[in-house]
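A.B. asks: Fold the following and give me the result.
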Amino acid sequence: MNKENGAMKDVPLVIDCRQVTRTYTQGPEKLTIFSDISLEVTAGETVAIVGSSGAGKTTLLNLLGGLDKPSSGDISICGKDIHRLSEAGRARFRNRHLGFVYQFHHLLPEFTALENVMMPCALGGMAVADARSRAQSMLQRVGLAERLAHKPSELSGGERQRVAIARALVNEPDCVLMDEPTGNLDEHTGEGVRDLIESLRDQFGIAFVMVTHDMKMARSLGRVLRLEQGRLVQES
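C.D. replies: Down below sits the predicted model:
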């Protein structure tokens with residue numbers, strides 16, 4: 001809740017995850033990754049999810065992004081149950097409301113930084129001139145105004161990750177999902193990315209949900225949750 005002019009106002013709920021369970025069948029056995037997980041994330045909030053390898057952190061992120069379906073439970077993004085949408089409907093919804101950043105930037109090597117960032121706009125049907133203008137503005141915001149025409153191979157690791165962040169933000173999503181965004185970066189460059197995330201969160205009011213092993217980064221940015229033994233608990 002935020003207080004403004006003496007009145008309490010609700011902060012919009014971006015993610016509402018209720019009693020979500022994910023299981024997989026391996027031969028005659030059923031493997032439970034996690035069960036009855038609930039999570040709320042509000043606009044402008046940063047939530048870091050930590051835990052040991054194999055705990056299911058990336059699986060949870062994929063469920064929140066509509067890239068995988070829960071075995072049971074409900075996941076709503078901006079009030080919409082994304083798993084009740086058709087596959088095409090989920091794709092359109094993701095393009096409009098969600099951004100994704102991965103440990104490996106997944107930039108298209110044959111395209112420039114500008115062209116990579118324009119891609120979500122083009123997929124959403126935006127006019128080329130408008131997509132270019134928006135991509136230029138976002139690359140400027142992440143400090144890459146002089147690198148628009150450079151291809152990924154011509155950029156440093158930190159610069160490539162900044163392009164990936166600009167691409168995730170270019171459609172002004174409600175939430176950005178990040179899987180180890182600094183995992184392949186040195187400490188100094190990772191701190192720069194952390195500062196950038198904090199700045200963009202405060203500037204645009206975007207929620208960030210981040211899977212990370214970097215506890216320093218997790219604690220500096222916001223709420224920290226630990227996924228262990230199939231349960232999601234507040235990190236002390």
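
A.B. asks: Next up, the contacts around the spatially most central residue of the chain.
C.D. replies: Residue closest to the average C-alpha location in the chain (C-alpha atoms, centre = their mean): residue 177, at 1.3 Å. Counting by C-beta atoms under 8 Å, 6 or more residues apart in numbering, residue 177 touches 61, 64-65, 98-101, 209-210. Placement of C-beta: from N, CA and C, glycine included.

A.B. asks: ok, now residue 45?
C.D. replies: Contacts of residue 45 (C-beta under 8 Å, 6+ apart): 11, 14, 207-208, 222-223.

A.B. asks: Then residue 105?
C.D. replies: Per C-beta under 8 Å, 6+ apart, neighbours of residue 105: 152, 160-161, 163-164.

A.B. asks: With adjacent residues omitted, what lies nearest to residue 126?
C.D. replies: residue 134 (7.5 Å; C-beta to C-beta, 6 or more residues apart in numbering).

A.B. asks: Make sure I have this right: the one you found is in a helix.
C.D. replies: Yes. According to DSSP: H, G, I helix; E, B strand; the rest coil, residue 134 belongs to a helix.

A.B. asks: pLDDT weak spots in the protein?
C.D. replies: Scanning the chain for pLDDT under 70 picks out 1-9, 185, 236.

A.B. asks: which residue sits farthest out from the middle of it?
C.D. replies: residue 28 (34.8 Å).

A.B. asks: May I have the phi/psi pair for that one?
C.D. replies: The phi and psi values for residue 28, taken as degrees, to the nearest 10, are phi -80, psi -10.

A.B. asks: what about the residue nearest to residue 126, neighbour count?
C.D. replies: 20 (other C-beta atoms under 10 Å).

A.B. asks: For the chain, which segments count as helices?
C.D. replies: 57-64, 87-97, 113-123, 128-141, 157-169, 187-204, 215-221 (DSSP state H).

A.B. asks: Would you mind putting those helices into JSON lines with distance to residue 73 alongside?
C.D. replies: Putting the helices of the chain into JSON lines (distance: least, C-beta to C-beta, whole Å) gives the following:
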{"stretch": "helix 57-64", "distance to residue 73": "9"}
{"stretch": "helix 87-97", "distance to residue 73": "17"}
{"stretch": "helix 113-123", "distance to residue 73": "28"}
{"stretch": "helix 128-141", "distance to residue 73": "34"}
{"stretch": "helix 157-169", "distance to residue 73": "26"}
{"stretch": "helix 187-204", "distance to residue 73": "27"}
{"stretch": "helix 215-221", "distance to residue 73": "25"}
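
A.B. asks: sorry, back to before: next one: the residue nearest to the centre of the chain relative to residue 151, how far apart?
C.D. replies: 26 Å (C-beta to C-beta, to the nearest Å).

A.B. asks: Equivalent analysis for residue 145, please.
C.D. replies: 17 Å.

A.B. asks: With neighbour numbers in mind, choose between those two.
C.D. replies: residue 151 (16 against 11).

A.B. asks: so what's the nearest residue to the more buried one once chain neighbours are set aside up against?
C.D. replies: Leaving aside its chain neighbours, residue 151 sits nearest to residue 112 (5.7 Å; criterion: C-beta to C-beta, 6+ apart). For residue 112, the contacting residues are 148-151, by C-beta under 8 Å, 6+ apart.

A.B. asks: That concludes my questions; thank you for your assistance.
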